[in-house]
Every structure is written in structure tokens, then in C-alpha cells.
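Enquirer: My questions are about this predicted structure, shown below with the sequence.
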Number of protein chains: 2
Amino acid sequence: MIGDVPNIEAGQEFSTRRQAHEAGVHRPLQAGICGTKRTGAESIVVSGGYKDDEDYGDVIVYTGHGGQDGTGNQVSDQSLADSGNAALVTSYLEGLPVRVLRGYQGGAPYAPATGYRYDGLYRVTSYGSKLGIDGFLIWQFRLEAYEDTPTLQAAQQPELPNTPAQSEPAAGAGNETPERITSTVQRIVRSSAVKRQVKVWHDNRCQICHLRIDVPGGSYSEGAHIRALGSPHNGPDTTGNVLCLCPNCHVMFDAGAIVIEDDLTVIRGDQPAGTLRTDGRHTIDLECVRSHRKRWRQ
Amino acid sequence: MIGDVPNIEAGQEFSTRRQAHEAGVHRPLQAGICGTKRTGAESIVVSGGYKDDEDYGDVIVYTGHGGQDGTGNQVSDQSLADSGNAALVTSYLEGLPVRVLRGYQGGAPYAPATGYRYDGLYRVTSYGSKLGIDGFLIWQFRLEAYEDTPTLQAAQQPELPNTPAQSEPAAGAGNETPERITSTVQRIVRSSAVKRQVKVWHDNRCQICHLRIDVPGGSYSEGAHIRALGSPHNGPDTTGNVLCLCPNCHVMFDAGAIVIEDDLTVIRGDQPAGTLRTDGRHTIDLECVRSHRKRWRQ
């Protein structure tokens, strides 16, 4: 399952991978990523298995799966065709939460002293490839803790006698502390099970302009409520009130540059611009279409 | 100015509009909306001046400006050409925060008993037109309090003796309590002064596909960092590291379906697809372009 496991809260510790498996927090006993391209990643384990990993607590730079020999060295390129890596791409594209389990092998200051600790839900905020330390292609995923995920405190370093005064920070990534980026939000695209269903039916192809945005590892679309939820529009949260749109058509539809007639003709500005693409499994609620149209064309 | 006024916190009360004016919380002495199409809305006053307003505390359905006679009746249609209404459209399109001041005339349960109260920052989450109670076209804007804006408590109703037991809620919008919608977020588009500068230079026209998304009352684009901020990419927050893109090209660029060559040729998939549109005021940082390209094409 995606998201929090019932009755398991962030901070809970497990002595072994098997205990975490039995609790349903991270189901595989060996693999670091649990999930598939179709469902997204349920959970990952941060346990120092990849030397290119970076752990800042609230932010993790997590190396994808594959290309290692048995001793932790990278001996070939990683690929997004790997099912764990593809799962993390889906988590990025769909905005799905990923459970993070940290293992004792992950190193200071965020790893538990022993065993494994569940640290709550993170979001994949970017990804990309680079040449790793061993000279092979690796894929890396930036994960950020959700705002309501408890903030991890770095374990205190033991105070050593005669420690030289800290003058300059040492070089290297381990000394940066990238914060979650909190600038103003221009636009938020929300996700829900209802929207995901509509997007699956349409295979991420825009019902208005027919574009499907294909990207390395997946494709992208947005679920758009026809009649907005909440006051004053009070649309229902049903598949009949959701369209599968590309981001551009979504912006235009939400701001009234596109409306739809009862016969599903698309009106862009004042001009007809084709017909809404439909699917036999997806019945459009015409009351919602009318309500949206009236919001913009009296 | 947009955003919080220094030294004024949510909850601060003002006896008169003039006091709120002098504090810089809401500068006009009469108008309910302060702002312009170019800058967005700085602040609004919720004070019962429009009978179609709905106030749920954290959510406000706010009627735009115009079309009233001197007695609070709607006698003609409202328009997005009105500068206050256009300002709220800009706030929506740019994701800008709006200061909310509530006046005593606004009515229970969220208005102050006397005078005016500053209630913090809200975001415009949707807008549209409808026929108002008086039969003329009005524009309405849904505003939602930011997550970190203090939640308003409804004023307690005085307990009356022999009040009949509350069996059924009375009909009407006043009894709904729409919550801020908190489903999973699929995609967040962030805003910043640097990004806004680049969007202004390009007048919201996409530097990759040349599309400008025009909607009633404005146009829309997104600022996209070329080299992502934060680890592992560590891009600079400068205009040279930002492109003005339509949402579709932004998704493709962030997920590596589009990269840019050093001569600014756009590569979509594996094929050249034109040249990045430039502007004399906007110098692209080629180090960032290279870094983005290497993230996707080794």
C-alpha cells in the first residue's frame, strides 16, 4: 500500500528487516525499493548501500537500484528500466508519498544506532542521472519530508576534549544542509484516487488536445475537476466530474479559456476546437460541464 | 507591498479603516480591493458589502468589485476589466498571497465585534462568474488561508434558554463549512521574485514552444529552474538559471524529455525542435544548461 501503514508512526524502530517486513513498512527483505512502475514506490530503505547517497534528514538524495557487484561497487550503468527506479519515477510524476526506513548502516547523523527506524513519508521532488563515484551512470532521486512528517534531529556528536575550534566548514556535500524549499507556491496540482482512475482510463492522454507528455520512465497528465470542489462551486468528487488533461489545457480550463458544450464540443476562446475525447469507461457528468460553462460564459 | 506587513501579525485589530490604512495593512479608505492587474491584489476587506459573499473563516467566497448602486444593491454586471478584480486574477495566476482584513459589518461568526481585524494571508484558489442574488453578473474569488495562517475560531453564540435541540442543519450555504482541501499534491509550481522577473521579460511566452496561455483577465506561464536548486544539483537562484515556460514544456524539461544544447538548440526526445527564444535582458547561464543536459543525456 501507498502511504502510512495503519498503527505505525514515524519513529518506530525495528530490530531487523524481517520485523519491518512483517509490519508492512517495507515488504522486501533485500531490495531497497519496494514498488512497481504501475503503482509507484511504496517504500525505500536508506542504509548506506550506495556510496553516492546523501542524507540530510529532511532531504535525501537516494541512488536508484542496480549495477553493483556483491561488494557495493558500481560495475555497470543503472537504468530507469529497473522496476524499482521506474517506481520512483512514477512516485515523482504522480506525487505519491514514499515511506522511508533508515538502517543502522546509513551512517551519522541520521541513521539509527542499531536496527531500522521508520521515518515517515517523503515526496520525490526531482530526479536525474550522473556519473557516480565509481564512474558508471547512476540515477538519483531527491526526496523531501512532507511538512507534517516529524523533523529528524541529528544525533548529537560526542564532545571530544581538545577539539579544535570549528573555523571553516569542511568541504564536501555532507556539510550542506539543504532545506525544504519554501518559496511561494504559484500552482498546486492535487491528486486523488478518483483522479488517478480517470488518468489510467485515458492513459495520460489529454481529453482536449490529445497530447500525451512522455518523459524518460513514464508519462504525465493531470486530473482536473470540471466543477470545482468546495464553495462556491461545490462539485462532486466523482470520475464523472474529472477530466484527464495536459497541464496547459488544465490551466486554460480552470481559468475559463476553455469551456465544453453539452455535445462535448470544446470551445477555446470563442471558437470550436474539436470534440472532447471520451472513453467507454468514463461517463462525463453533463451537469458539471454545464456548471463550469456557466461560470465563464453567461 | 505583497505579503505580510512588517510588525503586523494576524489578529491585530484596528478601530477604523484609517488606522488600517496608516498601518499599511489595507491602503484604500473606501475600496475593498487594493491592487492592480500588474502587481496582483495586496489586500481585501471582508465587510459585508456584497450580499453574495460567503465567509467560512479559513475559506472565503469573495465577490469582486463593481456594479452596485449606493445602497449595496447590484444594478449592473461586474467585469474583469475592473482593476480590483483583475488584481485578484493576477493573484490567482501568480499564486500571490493576499492580506485579509475583516470588518465588523461582515456578520457572525467570523467578523470582529467592532472595527477591523487583520486575519493574515490567504491564497486565491479559484474564481468564476455567476448571476448574483440581484440578477446581475458577479465575479467571485475563492480564498483559502495559508497553512501557517492562524485558524480563525468562530465567535461563540450566546446560549439562549429554551433553545430547541439542533436536529437538522438549516438549508443554505451558511451552514456548510468547506475545509481547505488537503488531498495528496501531485505537482507544486513554486514562485519567487527571480522567476517573476523572467516571466515579465518574456511576457509569459514559453521560451521553448512559444505558446502564451491567455485566459480571461491575464496570461499564465511558469518559471523553471534549469539546474534544480538544492542537493544534488545545487543550481543558483538567478535569472540566468530560470526559463519562462508553459506548464507542458516545464514538465518535459524537469523530467528530461527536453534538453538544450550550448547553442540553445532545443532537443525534444532525440530530435532538434527549434531554438530557445531569448530576450536581450535575459542572459542564459550556459553552465546550468550543460548541467541539466548531463543530468539526462550522458
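Expert: Arrived safely, thanks for sending. Numbers count the residues shown, from 1 in each chain, chains lettered A, B, ... in the order given.
Enquirer: Now do the strands in the stretch 101-250 of chain A.
Expert: Secondary structure of the stretch 101-250 of chain A (DSSP state E, counting those that start in this stretch): strands located at A:116-131, A:137-145, A:185-190, A:213-215, A:218-220, A:222-225, A:242-245.
Enquirer: The third one vs strand B:116-131, what angle?
Expert: Looking back up the chat, that one is strand A:185-190. Relative orientation of strand A:185-190 with respect to strand B:116-131: 60 degrees, computed using axes from the mean of the first three to the mean of the last three Cα atoms, to 10 degrees.
Enquirer: could you give me the average pLDDT of strand A:185-190?
Expert: Strand A:185-190 comes out with an average pLDDT of 92.
Enquirer: Around chain B, which positions in the stretch 1-150 of chain A sit nearby?
Expert: By the rule Cβ under 8 Å from any Cβ of the partner chain, the part of the stretch 1-150 of chain A lying against chain B is A:54, A:56, A:59, A:61, A:92-97, A:123, A:126-131, A:137, A:140, A:142, A:147. For glycine as for every other residue, the C-beta is placed from the backbone atoms N, C-alpha and C.
Enquirer: Drop anything exposed from those residues.
Expert: The neighbour-count test (16 or more other Cβ atoms under 10 Å in any protein chain shown) marks A:54, A:56, A:59, A:61, A:92-97, A:123, A:126-130, A:137, A:140, A:142 as buried among those.
Enquirer: So what pairs up with A:Ile44 in the strands?
Expert: Each beta-bridge partner of A:Ile44 is listed here: A:Ile33, A:Val100, as defined by DSSP bridges.
Enquirer: what's it in contact with, if anything?
Expert: Listed by Cβ atoms under 8 Å, 6 or more residues apart in numbering or on different chains, the contact partners of A:Ile44 are A:26, A:32-34, A:62, A:88, A:98-101, A:143.
Enquirer: and if you look at A:Ala31?
Expert: Counting by Cβ under 8 Å, 6+ apart, A:Ala31 makes contact with A:65, A:84.
Enquirer: before we move on, back to that, among the contacts of A:Ile44, which one sits closest to A:Ala228?
Expert: For A:Ala228, the nearest member of the contacts of A:Ile44 is A:Val98. The distance, counting by Cβ to Cβ, is 28.9 Å.
Enquirer: That closest one contacts A:Gly84, doesn't it?
Expert: No: under the criterion of Cβ atoms under 8 Å, A:Val98 makes no contact with A:Gly84, lying 11.4 Å away.
Enquirer: what do these two both touch?
Expert: Counting by Cβ under 8 Å, 6+ apart, the residues touching both A:Val98 and A:Gly84 are A:Ala41.
Enquirer: These two - which one has more neighbours?
Expert: In this view A:Val98 and A:Gly84 are compared by other Cβ atoms under 10 Å in any protein chain shown, and A:Val98 has more residues nearby, 27 against 21.
Enquirer: Give me the phi and psi for the more buried one.
Expert: A:Val98 adopts backbone torsions of phi -120, psi 130, taken as degrees, to the nearest 10.
Enquirer: A:Val61: helix or strand, and which one exactly?
Expert: Element membership of A:Val61 [criterion: DSSP states H and E] is strand A:59-63.
Enquirer: Setting the sequence-adjacent residues aside, check what's closest to A:Arg27.
Expert: Spatially, and ignoring its direct neighbours in sequence, A:Arg27 is nearest to A:Cys34 (5.2 Å; Cβ to Cβ, 6 or more residues apart in numbering or on different chains).
Enquirer: Identify the residues contacting the one you found.
Expert: Contacts here follow Cβ under 8 Å, 6+ apart; on that basis A:Cys34 touches A:26-28, A:41-44, A:84, A:87.
Enquirer: what do you get if the cut-off is 10 Å, keeping everything else the same?
Expert: Contact criterion Cβ atoms under 10 Å, 6 or more residues apart in numbering or on different chains gives A:21, A:25-28, A:41-45, A:84, A:87, A:98-99, A:101 as the residues in contact with A:Cys34.
Enquirer: Could you give me the ChimeraX syntax to select whichever of those are buried?
Expert: For the buried members of the contacts of A:Cys34, the matching ChimeraX selection, counting by 16+ other Cβ under 10 Å, is:
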select /A:25,26,28,41,42,43,44,45,84,87,98,99,101
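Enquirer: Which of the contacts of A:Cys34 lies at the shortest distance from chain B?
Expert: Of all the contacts of A:Cys34, A:Val98 has the smallest distance to chain B: 11.8 Å, by Cβ to the nearest Cβ.
Enquirer: what about that closest one, distance to A:Gly49?
Expert: Distance, A:Val98 to A:Gly49, by Cβ to Cβ, to the nearest Å: 17 Å.
Enquirer: now do A:Gly240
Expert: Using Cβ to Cβ, A:Gly240 is found at 46 Å from A:Gly49.
Enquirer: Which one's more surrounded, the two?
Expert: More neighbours surround A:Gly240 than the other of A:Gly240 and A:Gly49, with 18 against 15 (other Cβ under 10 Å).
Enquirer: what about the closest residue to A:Leu143 other than its chain neighbours, how many residues close to it?
Expert: Taking Cβ to Cβ, 6+ apart, and ignoring the residues beside it in sequence, A:Leu143 has A:Tyr122 as its nearest neighbour in space, at 4.0 Å. Counted with other Cβ under 10 Å, the burial measure for A:Tyr122 works out to 26 neighbours.
Enquirer: For A:Tyr122, which residues count as its bridge partners?
Expert: A:Val98, A:Ala145.
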